[in-house]
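A.B. asks: The sequence and its predicted three-dimensional model are supplied below.
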Amino acid sequence: MRDSSSRTHLGPVLNDTVAHPLYGVMVLDSGEFDERRIQQLRADVDPIYPPVLLLAGPMRSLMAGTGGILLLETVSNRRDGVMSTDGTGMGMWVSQVDANGFRGRFRHWGIALTDKGHYCASRFRR
């Protein structure tokens with residue numbers, strides 16, 4: 001996968017992958033996710049301005065008890081060195097991870113108030 005913007009041709013700031021080790025996309029469940037669709041989703045993600053970004057590293061120590069924070073559609077998702085703390089979006093604090101899944105809490109990220117609550121994702125075995 002590439003690590004530069006196809007739109008602005010910018011790359012991440014130095015050491016960015018320490019604080020942001022993973023990025024991705026979030027889509028509505030609208031059918032089967034076959035190999036072709038997954039490849040298209042990967043190709044469409046702008047890695048410098050991704051819709052989903054994992055925040056890890058030094059910020060974690062400020063928010064004790066988390067295994068990272070997934071940022072969904074926030075202005076903080078920018079990886080071009082611009083810092084912003086307002087706007088809309090959601091943060092998902094990962095509080096527990098094990099072989100069967102992960103869980104945590106979510107709330108607004110920025111000044112626009114949105115929903116808050118808890119979430120979990122568990123492995124489904126057939």
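C.D. replies: Received the coordinates, thanks. Numbers count the residues shown, from 1 in each chain.
A.B. asks: is it true that Tyr119 lies in a strand?
C.D. replies: Yes: looking at Tyr119 with DSSP: H, G, I helix; E, B strand; the rest coil, it is inside a strand.
A.B. asks: give the contact list for it.
C.D. replies: By Cβ atoms under 8 Å, 6 or more residues apart in numbering, Tyr119 lies in contact with 92, 103-106. Just so you know, the C-beta spots here come from the backbone N, C-alpha and C atoms, and that holds for glycine as well.
A.B. asks: Which of the residues you listed sits closest to Gly117?
C.D. replies: The closest of the contacts of Tyr119 to Gly117 turns out to be Phe106 (Cβ to Cβ; 6.1 Å).
A.B. asks: what separates that closest one from Met92, distance-wise?
C.D. replies: 4 Å (Cβ to Cβ, to the nearest Å).
A.B. asks: now Val82
C.D. replies: Counting by Cβ to Cβ - Val82 and Met92 are separated by 22 Å.
A.B. asks: Looking at these two, which has the bigger crowd around it?
C.D. replies: Each of Val82 and Met92 has its neighbours counted (other Cβ atoms under 10 Å); Met92 has more, 20 against 9.
A.B. asks: Now do the strands in the protein.
C.D. replies: Here the chain has its strands, by DSSP state E, at 23-24, 52-55, 69-72, 90-98, 101-108, 117-122.
A.B. asks: Many thanks, I have nothing further to ask.
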